[in-house]
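A.B. asks: Show me how the following folds:
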Amino acid sequence: MKKSGLKREVPEMAKFKSFLQRKNIVFSAKRYGIDALGAMAQGLFASLLIGTIIDTIGSQLGIDFLVKFAAFAKNTYVVGAAMACAISYALEAPPLVLFSVITVGAATNELGGAGGPLAVLVMVVIATEVGKMVSKETKVDIIVTPFVTIFVGVGLATLIAPAIGVGAQYVGEFIMWATTLQPFLMGIIVSVVVGIALTLPISSAAICAAFGLTGLAGGAALAGCCAQMVGFAVMSFRENRWGGILSQGIGTSMLQMGNIVKNPKIWIPPIITSIITGPIATCVFKLEMNGAPIASGMGTCGLVGQIGVYTGWVSDVASGAKAGITAMDWIGLVMISFILPAVITWALGLFFRKIGWIKENDLKLD
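C.D. replies: Next up, the predicted model:
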């Protein structure tokens with residue numbers, strides 16, 4: 001009896017796997033933890049972050065229409081919709097599903113509150129995959145696919161998104177509280193972890209946004225990202241010259257992942273640098289990221305991290321939380337973002353080359 005039951009289950013399982021394959025549904029850490037998470041960061045960049053930058057320019061230069069434009073980009077519903085489209089696009093959703101998750105993302109970001117980005121990631125992934133299952137399975141696809149996608153996404157968001165949002169908010173608040181309480185230790189931990197995430201093929205920016213990392217914790221995260229980006233750019237100058245400075249220092253240190261796999265020792269200097277600059281940011285310069293949380297995980301990419309710190313200063317001055325922007329503020333930002341990562345990683349890189357841990361062309365970009 002058991003054998004016959006097993007024989008019936010095997011064809012059913014094979015049929016289900018075939019269905020998932022036909023629908024392009026892949027349950028994997030890469031698709032959800034790398035592709036979707038990275039896309040979420042792009043959605044945030046294309047709405048909240050760029051809106052914040054435009055708002056800052058408009059406010060500082062007194063250009064009212066820029067401030068009005070920025071308000072649309074920063075709107076909670078717009079930000080949720082942008083994240084949803086980006087995530088669903090990364091999951092290779094068919095058009096009707098992609099368009100339908102706009103509603104899911106907008107609703108979820110509103111319901112998720114401070115932890116909205118994480119809630120959007122979870123709800124949109126579920127809604128997209130369910131939508132893909134029913135897509136083009138009926139003759140009234142134009143009705144069925146949007147209905148199922150929105151019903152499942154918004155329905156689950158109504159039930160779960162507030163809890164996910166609160167949970168993400170608590171995690172973020174705990175990290176920020178711990179960083180304020182123990183700025184030296186947490187400065188190291190946050191700097192190293194977020195910096196490593198930036199170089200790995202996952203999104204440090206999305207992680208910071210999901211947990212709303214700002215304040216001293218945001219400053220430590222920025223330090224870790226800069227240690228990786230500027231560190232790799234300067235350390236590999238011998239191999240990659242000025243093109244490498246731009247592609248890694250203003251682009252991303254993720255370009256070195258292939259070389260890291262070949263020789264993991266090349267990753268040690270930037271990580272040691274982040275161990276040093278993290279607590280310097282929190283304890284010496286008391287560098288805070290009070291701009292958009294996503295900027296905490298951007299490092300020097302397009303100078304978004306530095307712009308985020310500046311927008312935070314502007315907001316704090318406007319609210320009365322900060323008396324003014326001081327010379328020490330600028331010195332701290334420049335030291336943590338550029339000078340210390342460049343000098344420390346360069347010196348460590350020379351030492352590692354001398355002892356043979358880094359060999360010629362180990363840092364060469366294709």
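A.B. asks: Grab the nearest non-local neighbour of Ala220.
C.D. replies: Spatial nearest neighbour of Ala220, chain neighbours left out: Val190 (4.0 Å); criterion: Cβ to Cβ, 6 or more residues apart in numbering. For every residue, glycine as well, the C-beta is placed using N, CA and C.
A.B. asks: tell me the contacts of the one you found?
C.D. replies: By Cβ atoms under 8 Å, 6 or more residues apart in numbering, Val190 lies in contact with 175, 179, 213, 217, 220-221, 224, 278.
A.B. asks: can you do 7 Å?
C.D. replies: Counting by Cβ atoms under 7 Å, 6 or more residues apart in numbering, Val190 touches 175, 179, 217, 220-221, 224, 278.
A.B. asks: Could you do Glu92 as well?
C.D. replies: Remark: with contacts taken as Cβ under 7 Å, 6+ apart, Glu92 is in contact with Asn24.
A.B. asks: likewise the one 5 residues further on?
C.D. replies: Listed by Cβ under 7 Å, 6+ apart, the contact partners of Val97 are 88, 128, 131-132, 135, 145, 149.
A.B. asks: before we move on, what about Ile126?
C.D. replies: In this structure, Ile126 makes contact with 152-153, 156, judged by Cβ under 7 Å, 6+ apart.
A.B. asks: Straight-line length of stretch 30-46, end to end?
C.D. replies: Across stretch 30-46, the straight-line distance between its terminal residues is 23 Å, by Cα to Cα, to the nearest Å.
A.B. asks: Among the contacts of Val97, which are located in strands?
C.D. replies: Among those, no member falls in strands (criterion: DSSP state E).
A.B. asks: Just put those in CSV and tack on neighbour count.
C.D. replies: Compiled in CSV, these are given as follows (neighbours: other Cβ atoms under 10 Å):
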residue, neighbour count
Ser88, 30
Thr128, 29
Gly131, 30
Lys132, 23
Ser135, 21
Thr145, 26
Thr149, 31
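A.B. asks: out of these, which are inside helices?
C.D. replies: Members of the contacts of Val97 lying in helices (criterion: DSSP state H): 88, 128, 131-132, 145, 149.
A.B. asks: Checking Val154 next. Helix, strand or coil?
C.D. replies: Using DSSP: H, G, I helix; E, B strand; the rest coil as the criterion, the local structure at Val154 reads helix.
A.B. asks: Which of the helices or strands spans the closest residue in space to it that isn't next to it in sequence?
C.D. replies: Ranked by Cβ to Cβ, 6+ apart and with sequence neighbours excluded, the top spatial neighbour of Val154 is Ala107, at 4.9 Å. Ala107 is part of helix 95-112, with elements assigned from DSSP states H and E.
A.B. asks: Now do the buried residues in that helix.
C.D. replies: 96-98, 100-112 (16 or more other Cβ atoms under 10 Å).
A.B. asks: quick one: contacts of stretch 311-326?
C.D. replies: By Cβ under 7 Å, 6+ apart, the surrounding residues in contact with stretch 311-326 are 52, 56, 59, 288-291, 329.
A.B. asks: avg pLDDT for that stretch?
C.D. replies: Confidence over stretch 311-326, taken as the mean pLDDT, stands at 91.
A.B. asks: how far is it from where the chain is centred?
C.D. replies: Average the C-alpha atoms of stretch 311-326, do the same for its chain, and the two points are 25 Å apart (Cα atoms, centre = their mean, to the nearest Å).
A.B. asks: coming back round to it: looking at the ones in helices among the contacts of Val97, which two lie furthest apart in space?
C.D. replies: Using Cβ to Cβ, these span at most 12.3 Å, a distance reached by Ser88 and Thr145.
A.B. asks: which among the contacts of Val97 gets closest to Ile358?
C.D. replies: Closest approach between these and Ile358, by Cβ to Cβ: Ser88, at 41.3 Å.
A.B. asks: you'd agree the closest one is up against Met123?
C.D. replies: No - counting by Cβ atoms under 7 Å, Ser88 stays clear of Met123, with 11.0 Å between them.
A.B. asks: what's the pLDDT at Val10?
C.D. replies: In this model, Val10 is scored at 65, pLDDT.
A.B. asks: circling back: may I see the contacts of Ile126 organised as CSV, with neighbour count, pLDDT and distance to Ala323 added?
C.D. replies: Output for the contacts of Ile126, formatted as CSV (neighbours: other Cβ atoms under 10 Å; pLDDT from 0 to 100; distance: Cβ to Cβ, whole Å):
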residue, neighbour count, pLDDT, distance to Ala323
Val152, 21, 97, 50
Gly153, 29, 96, 45
Leu156, 18, 95, 46
